[in-house]
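K.L.:
okay, here's the prediction I keep looking at, along with the sequence it came from:
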Amino acid sequence: MSGVQLDGIIKEYGAIRVVHGVDLQIKDKEFVVLVGPSGCGKSTCLRMVAGLEEISGGTLTIDGRVVNRVAPKDRDVAMVFQNYALYPHLDVAENIAFGLRIRKVPKEQIAQSVKEVAEILGLTPYLERRPADLSGGQRQRVAMGRAIVRHPKVFLFDEPLSNLDAKLRTQMRAEIKRLHKRLGVTSLYVTHDQTEAMTLADRIVVLANGRIEQIGTPMELFNNPINTFVAGFIGSPPMNQLKGVVEAGQGAPVARVADQLITLPPLKELQNAVGREIIVGIRPEHVTLDNGKPGTPVRVDLDLVETLGSEALLHATISDTPFVVKVETHDGVDHLSGVDQFHFQTDRIKVFDGQTQKAYGYTAGEGA
Amino acid sequence: MMRAEDTPPAREQDARVPGAAKARLGAALARFLFRLRQDWQVYLLLAPTVIWILVFLYKPMYGLQIAFKDYSIFRGIEGSPWIGFEHFETLFASDQFVRAVWNTIKISALSLLIGFPMPIILALMFNEILKDTFKRTAQTIVYLPHFISSVIIAGIVITAFSPSAGIVNTFLQWLGLEPVYFLTKPEWFRPIFVGTTIWQEAGFQSIVFLAAIAGVNPSLYESAVVDGASRWQMMWKITIPSIMPTIIIMLIIRIGNLMEVSFEMIILLYQPATYETADVVNTFIYRQGIVGGQYDLAAAAGLFNAVVAFVLVMTANTISKRLSRTSLW
């Protein structure tokens, strides 16, 4: 069992607190992704797990052992850095072997381990090359090789794909996923890219301002966000959010958004809530152009049609609020330029409190 | 890169078509004038250095010819007759000159051996100091001698080694030993000279290496920490290899200056009693040329010095290029 547990982890730089009591349990062999905007404290959390940052408060446990005061080398973790951190004066084989050489592993064993890792990562033809002679993807593979070769209890990834171009990033993402499946090592991965988080994670931890906003599987976070921040962070494009006021409807509650009425799902928080300020949220994928399903037609001013191939993004405004819809392009895109009405599926609408930004009807674990 | 117009067919064409070369020269001049107009601010910034190099480094080369002439200030450079390599023959027949060459080599080798690693060691030590206040104080103390005039430094050294009141002899006497007349003993000159120049310059020279260390990617250290490297291992396996290109460049420059032993410091510290080990090519040139008025002989000695330095720097650069992929050019 190589789980990692963070209990009330705090990080302070002088009087400034940047991580405010993070509680997280990573199970053995689990792949957990910390995601959030720049400066949210995700890298700081990872570096505290690695031992590169001192922990100001709370308890960090790796494999059942409290490691707050344990040196990084004795935590049995391996880390992959954003800028690869390869030693420019060493060739690929020496870079991969570095950690083993430091630990004075016998030479024959090092050679064997390097050979195995190089085969796993497809680096065998490049073992004698120096980092400067490798492409970005190859360098990242070497960085992963250096982590794998030590057979650590925990892998830590600090935005490892940020320096790669979009195509290579997609390719490397799949390789990391495959590697995790093959090696089954507990992994903590930091990224600001929600697509990376969605594709790689068993569970995602969304952080904002040094606090955990929500923990859940990718689909939990996508379907059942706890607040407007998570709703706006997870999903590409993010969830549309319209400010409105609850009004009494005929049978079901409705929201007035500017001069339009939108039928809301029957949530218990909306009972006797007439006049309350709310935020109506709906994902771009959950808005349709036909009105065959139960819901509300909403008038829009179409601004722009972005064609992506099999799909198109319709950029519009609803009472001056920007709004994005994702539609399929089976029938071509010509007819899309004349769209002046969207159809909101009532059962897909999320309602958030206008003051607290919290989701109504939220139940932990739902939506997975 | 060879331009299209420089290719042999283009040159052959120049030879066949009258006026083609002239037209090409005109076009090149027009291009240069265009660049000058476009980036005149850059050329203006460059101008003082170019003028300085032309006036103080290239123009004096005209005077080098006196090394091959029987020069007389009354006849001038043009009027003095050519005598071939006579001055060089005289120099190599002179025991004093040969001694000066050997002394230069010995002092330079000693300085290189001890003096070159010292700034690197200092920079590595500064890099290991974690407390900022202590680091800054230590750096200031070590940089300070560089800003003190050589005359004052020599004065401090002479006083420190004075047989009557010097701190060194006082200490020796305190230990029950006889006082030593250090600065009159040839065997003590080289250690004192090398020690003094290290004390004066090592701190300041360490700035280059500190800057190189500051440029090392911090992730390399973090990665090594996670891998389990100690600070000592990080210094040997990351810091030193990472700053190796800077070390090699500085070494090539140092080798190029090998024949240029700190002239002022030797003049200030040596005396006839220590000529045996202290007299170097530059002091020899000074005595022959300036004090003795034998400008042609001094020019020949200077030219010999320059040729040796040129060969040394070329050799060092070529070796470095082959062995470490790092070179000055």
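P.N.:
Thanks, I have it. Numbering: from 1, shown residues only, chains lettered A, B, ... in the order given.

K.L.:
in the host helix or strand of B:Leu323, what's buried?
P.N.:
Taking DSSP states H and E as the criterion, the element that holds B:Leu323 is helix B:295-324. For helix B:295-324, a neighbour-count test (16 or more other CB atoms under 10 Å in any protein chain shown) marks B:295-305, B:308-309, B:312-313, B:316-317, B:320 as buried. Where you see a C-beta, it was placed from the backbone N, CA and C, and this is true even at glycine.

K.L.:
which residues touch whichever residue of the stretch 101-250 of chain A sits closest to chain B?
P.N.:
Evaluated by CB to the nearest CB, the stretch 101-250 of chain A has A:Ile102 as its residue closest to chain B, separated by 4.9 Å. Taking CB atoms under 8 Å, 6 or more residues apart in numbering or on different chains as the contact definition, A:Ile102 lies against B:224, B:227-229, B:233, B:237.

K.L.:
could you dump these to a markdown table with secondary structure, distance to A:Leu179 and pLDDT?
P.N.:
Compiled in a markdown table, those are given as follows (DSSP: H, G, I helix; E, B strand; the rest coil; distance: CB to CB, whole Å; pLDDT from 0 to 100):
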| residue | secondary structure | distance to A:Leu179 | pLDDT |
| --- | --- | --- | --- |
| B:Ala224 | helix | 23 | 94 |
| B:Asp227 | helix | 19 | 90 |
| B:Gly228 | coil | 22 | 89 |
| B:Ala229 | coil | 25 | 92 |
| B:Gln233 | helix | 28 | 93 |
| B:Lys237 | helix | 27 | 92 |
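
K.L.:
tell me which two of the residues you listed sit farthest apart.
P.N.:
B:Gly228 and B:Lys237 (11.7 Å; CB to CB).

K.L.:
any idea how far the helix holding B:Leu323 is from the chain center?
P.N.:
11 Å (CA atoms, centre = their mean, to the nearest Å).

K.L.:
and stretch B:101-112, by the same measure?
P.N.:
The gap between where stretch B:101-112 is centred and where its chain is centred comes out at 13 Å by CA atoms, centre = their mean.

K.L.:
assign a three-state SS to A:Ser236, would you?
P.N.:
Assigned with DSSP: H, G, I helix; E, B strand; the rest coil, A:Ser236 falls in the coil class.

K.L.:
host element of the closest residue to it other than its chain neighbours?
P.N.:
Counting by CB to CB, 6 or more residues apart in numbering or on different chains, A:Ser236 lies nearest to A:Thr195, which is 5.9 Å off, once chain neighbours are set aside. Assigned by DSSP H and E, A:Thr195 belongs to helix A:194-200.

K.L.:
quick one: is the helix holding B:Leu323 near chain A?
P.N.:
No - for helix B:295-324 and chain A, the contact criterion (CB under 8 Å from any CB of the partner chain) is not met; the two come no nearer than 9.6 Å.

K.L.:
and that helix, what other elements does it pack with?
P.N.:
If contacts are counted by 3 or more CB pairs under 8 Å, 6 or more residues apart in numbering or on different chains; DSSP states H and E, helix B:295-324 sits against helix B:86-93, helix B:240-256, helix B:281-285.

K.L.:
report the buried residues of the first one.
P.N.:
Spelled out, it's helix B:86-93. Counting neighbours by 16+ other CB under 10 Å, one finds that the buried residues in helix B:86-93 are B:86-88, B:91.

K.L.:
redo these as CSV? Include distance to B:Ile66.
P.N.:
Conversion of the buried residues of helix B:86-93 to CSV gives the following (distance: CB to CB, whole Å):
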residue, distance to B:Ile66
B:Glu86, 12
B:His87, 9
B:Phe88, 13
B:Leu91, 14
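
K.L.:
so, low pLDDT: which residues of the chain?
P.N.:
All of this refers to chain A. Counting by pLDDT under 70, chain A shows low-confidence ranges at A:1, A:291-294, A:365-368.

K.L.:
right idea, wrong chain: chain B
P.N.:
Regions of chain B meeting the criterion pLDDT under 70 cover residues B:1-18.

K.L.:
would you mind listing what in it touches chain A?
P.N.:
By CB under 8 Å from any CB, the residues of chain B that approach chain A are B:217, B:219-220, B:222-229, B:233, B:237-238, B:241-242, B:244.

K.L.:
quick one: residues contacting B:Ala67.
P.N.:
Under the criterion of CB under 8 Å, 6+ apart, the neighbours of B:Ala67 are B:87-88, B:296, B:299-300, B:302-303.

K.L.:
quick check: the farthest pair among those?
P.N.:
Spatially, the most separated pair among those is B:Phe88 and B:Gly302, at 11.7 Å (CB to CB).

K.L.:
state the distance from B:Ile141 to B:Gly166.
P.N.:
22 Å (CB to CB, to the nearest Å).

K.L.:
pick out whichever of the two has more residues nearby.
P.N.:
B:Gly166 (19 against 10; other CB atoms under 10 Å in any protein chain shown).

K.L.:
excluding chain neighbours, what is closest to that one?
P.N.:
Closest residue to B:Gly166 in three dimensions, ignoring its sequence neighbours and counting by CB to CB, 6+ apart: B:Ala160, at 5.1 Å.

K.L.:
before we move on, the earlier item: can you get me a residue count around the residue nearest to A:Ser236?
P.N.:
Counted with other CB under 10 Å, the burial measure for A:Thr195 works out to 15 neighbours.

K.L.:
just how off-centre is stretch B:283-292 within its chain?
P.N.:
When C-alpha coordinates are averaged (CA atoms, centre = their mean), stretch B:283-292 and its chain have centres 21 Å apart.

K.L.:
what residues does that stretch touch?
P.N.:
For stretch B:283-292, the surrounding residues in contact (CB under 8 Å, 6+ apart) are B:96-97, B:100, B:263, B:266-267, B:270, B:294-295, B:297-299, B:301-302, B:305.

K.L.:
what of stretch B:122-130?
P.N.:
Residues lying outside stretch B:122-130 but in contact with it, judged by CB under 8 Å, 6+ apart, are B:135, B:138-139, B:142, B:202-203, B:206-207, B:209-210, B:212-213, B:231, B:235, B:239-240.

K.L.:
mind redoing it with 6 Å?
P.N.:
B:135, B:202, B:206, B:209-210, B:213, B:235 (CB atoms under 6 Å, 6 or more residues apart in numbering or on different chains).

K.L.:
can you tell me which of those residues is nearest chain A?
P.N.:
Set against chain A, the nearest of the contacts of stretch B:122-130 by CB to the nearest CB is B:Met235 (13.0 Å).

K.L.:
excluding chain neighbours, what is closest to B:Leu268?
P.N.:
Leaving out its chain neighbours, B:Leu268 is closest to B:Ala154 (CB to CB, 6+ apart), at 3.6 Å.

K.L.:
go on, B:Trp188?
P.N.:
Counting by CB to CB, 6+ apart, the nearest residue to B:Trp188 once its immediate chain neighbours are dropped is B:Phe182, at 4.5 Å.

K.L.:
kind regards, and thank you for your time.
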